[in-house]
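A.B. asks: Structural data only, the sequence is not supplied:
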């Protein structure tokens with residue numbers, strides 16, 4: 001739906017600001033279209049500007065031209081000097097947290113691919129998460145001064161966590177069952193446990209925040225989630241030993257490959 005495309009085109013950019021703890025200011029739009037389609041443009045603009053208005057983010061320029069459909073957005077934000085959330089601040093002993101729900105967009109993708117069937121209600125929930133992601137801008141700002149490192153989950157938890165580990169020079173252990181517990185599609189969908197785990201850990205397209213914080217900040221993290229009306233869940237810990245270790249709730253290593 002073009003309205004959902006307009007929303008998502010801006011949302012994935014606002015999500016990058018959220019991961020920095022930044023406040024959105026403005027954006028530019030470069031749009032290429034094969035032909036003028038008034039109905040498509042009206043719907044696209046409706047979705048785009050509804051999200052922009054919700055975050056006080058002005059369209060300040062860009063360009064349009066004829067060609068294959070292409071949407072290119074550049075977003076601008078601001079953060080107090082020295083207060084930006086970075087990928088490089090995670091320290092051994094920190095706890096790992098994730099916002100919202102994980103893996104739903106990947107489930108919707110598998111339905112579209114024809115490799116999975118979901119009950120209609122579960123599919124609509126997953127599809128909404130895929131097509132109408134909510135950038136966690138308020139949470140990102142609330143985590144300034146609390147989180148030690150952060151990133152948004154666009155390429156899957158395992159892949160994006162790797163960026164934090166590399167930038168911070170640390171390792172981590174992730175509780176796969178804790179990550180799966182925050183998958184939004186209900187258990188009544190009777191998903192294969194291995195599939196649910198793969199979607200939560202490597203699904204991508206979630207646009208949630210993954211962040212680390214010292215154990216002493218746990219109450220502050222939960223309060224940031226409450227203030228921003230965003231669920232947060234503890235899913236692992238940062239460690240000094242390099243590499244990523246994935247375990248189940250009993251601490252047993254999970255050996256399943258997590259390919260996207």
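C.D. replies: Done, it's in. Only a predicted model underlies this, so the values are computations on that prediction, with no experimental measurement involved.
A.B. asks: Is the residue nearest to residue 181 when sequence neighbours are not counted bridged to anything, and to what?
C.D. replies: Excluding its sequence neighbours, the residue lying closest to residue 181 (C-beta to C-beta, 6 or more residues apart in numbering) is residue 233, at 7.0 Å. Bear in mind the C-beta positions are built from the backbone N, C-alpha and C, glycine included. Residue 233 forms beta bridges with residue 98, as assigned by DSSP bridges.
A.B. asks: My guess is residue 233 contacts residue 97. True?
C.D. replies: Yes: in this structure, residue 233 is within contact of residue 97 by C-beta atoms under 8 Å, at 6.7 Å.
A.B. asks: between those two, which one's more packed in?
C.D. replies: The neighbour comparison of residue 233 against residue 97 (other C-beta atoms under 10 Å) goes to residue 97, with 24 against 18.
A.B. asks: Now do the contacts for that one.
C.D. replies: Residue 97 sits next to 147, 210, 211, 212, 213, 221, 232, 233, 234, 235 when contact means C-beta atoms under 8 Å, 6 or more residues apart in numbering.
A.B. asks: Downstream of the lengthiest strand in the chain, the next helix or strand is which one?
C.D. replies: For the chain, the strand reaching the highest residue count under DSSP state E is reported as strand 23-33. Per DSSP states H and E, the first helix or strand lying C-terminal to strand 23-33 is helix 38-54.
A.B. asks: Next, the angle from that next one to strand 23-33.
C.D. replies: With axes from the mean of the first three to the mean of the last three C-alpha atoms, to 10 degrees applied, the angle from helix 38-54 to strand 23-33 works out at 170 degrees.
A.B. asks: for residue 107, what are its contacts?
C.D. replies: Residue 107 makes contacts with 116, 118, 122, 126, 185, 191, 199, 203, as judged by C-beta under 8 Å, 6+ apart.
A.B. asks: Looking at those, spot the one nearest residue 33.
C.D. replies: Proximity of the contacts of residue 107 to residue 33 was ranked by C-beta to C-beta; the top entry is residue 126 with 29.3 Å.
A.B. asks: Around the closest one, how many other residues sit close by?
C.D. replies: Residue 126, neighbours per other C-beta under 10 Å, totals 27.
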